[in-house]
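Undergrad: got a structure for you, letters missing:
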């Protein structure tokens with residue numbers, strides 16, 4: 001093999017230096033990309049931790065409050081709809097409204113709590129309808145208006161209202177057996 005001339009040596013040195021620089025730049029890019037990925041993952045983990053801490057603090061604050069809130073009224077599952085219907089009929093009559101249609105479609109799907117549903121169409125004076133809405137949703141009744149549609153009727157000051165009313169309830173707690181006295185003999 002022959003000896004390299006000084007020009008060939010210089011060109012070889014430049015080539016090796018260029019390859020060395022190119023490899024270093026490629027490696028640096030890989031390191032910076034990996035660092036950015038880890039930095040993003042760390043930021044996401046810190047955000048999840050902060051979010052979890054907020055939920056934990058909220059649960060600690062709400063614990064005593066949730067125990068002091070009134071529970072939903074106890075109702076048997078088979079009478080909840082009829083109880084709701086009777087209460088709505090009484091409120092409608094008290095406020096001068098006429099019930100045109102009523103239906104109990106059954107409990108809604110996907111709810112974690114127990115609820116009876118009543119769909120009703122009412123007709124009557126606007127003031128009576130407003131009072132009816134306040135009466136039906138009074139505090140402590142555990143009722144809500146989920147869907148509401150109102151339009152004016154032909155006679156002045158009267159409206160036709162269609163709504164879906166939900167009554168939330170809890171099942172009656174089972175009766176506990178009386179305590180057994182150990183001193184008694186059978």
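TA: Done, it's in. All figures in this text were calculated on a predicted structure; none of them were measured in a lab.

Undergrad: quick one, strands of this structure?
TA: Counting by DSSP state E, the chain has strands at residues 98-103, 114-125, 143-152, 158-169.

Undergrad: angle of the first one against strand 158-169?
TA: What separates the directions of strand 98-103 and strand 158-169 is an angle of 40 degrees, with axes from the mean of the first three to the mean of the last three C-alpha atoms, to 10 degrees.

Undergrad: And for the second one?
TA: Orientation of strand 114-125 against strand 158-169 (the same axes, to 10 degrees) gives an angle of 160 degrees.

Undergrad: Tell me what the residue nearest to residue 144 when sequence neighbours are not counted is bridged to.
TA: Excluding the flanking residues, the one nearest residue 144 by C-beta to C-beta, 6 or more residues apart in numbering is residue 166, at 5.2 Å. C-betas here are computed from N, CA, C, even on glycine. Under DSSP bridges, the beta-bridge partners of residue 166 are residue 117, residue 144.

Undergrad: There's contact between residue 166 and residue 115 in this structure, I believe.
TA: Yes: using C-beta atoms under 8 Å, residue 166 makes contact with residue 115 at a distance of 4.7 Å.

Undergrad: mind checking how far the residue nearest to residue 144 is from residue 81?
TA: 11 Å (C-beta to C-beta, to the nearest Å).

Undergrad: would you list every one of the helices in this structure?
TA: Along the chain, the stretches classed as helices by DSSP state H are 6-68, 80-94, 126-136.

Undergrad: closest to residue 171 out of those helices?
TA: helix 80-94 (9.5 Å; C-beta to C-beta).

Undergrad: by contact count, what packs against the closest one?
TA: strand 98-103, strand 114-125, helix 126-136, strand 158-169 (3 or more C-beta pairs under 8 Å, 6 or more residues apart in numbering; DSSP states H and E).

Undergrad: ok, now with 6 Å
TA: strand 114-125, helix 126-136 (3 or more C-beta pairs under 6 Å, 6 or more residues apart in numbering; DSSP states H and E).

Undergrad: what distance separates it from the middle of the whole chain?
TA: 28 Å (C-alpha atoms, centre = their mean, to the nearest Å).

Undergrad: now it and strand 143-152, what's the angle there?
TA: Using the same axes, to 10 degrees: helix 80-94 against strand 143-152 is 50 degrees.

Undergrad: Need the residues that contact helix 80-94.
TA: For helix 80-94, the external contacting residues (C-beta atoms under 6 Å, 6 or more residues apart in numbering) are 99, 104, 116, 118, 122, 132, 135-136, 167, 169.

Undergrad: These, buried ones only, as a PyMOL selection?
TA: To isolate the buried ones among the contacts of helix 80-94 in PyMOL, judged by 16 or more other C-beta atoms under 10 Å, type:
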select buried, resi 116+118+122+132+135+136+167+169
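
Undergrad: any low-confidence regions in the protein?
TA: 64-71, 108, 110-112, 173-186 (pLDDT under 70).

Undergrad: Many thanks, I have nothing further to ask.
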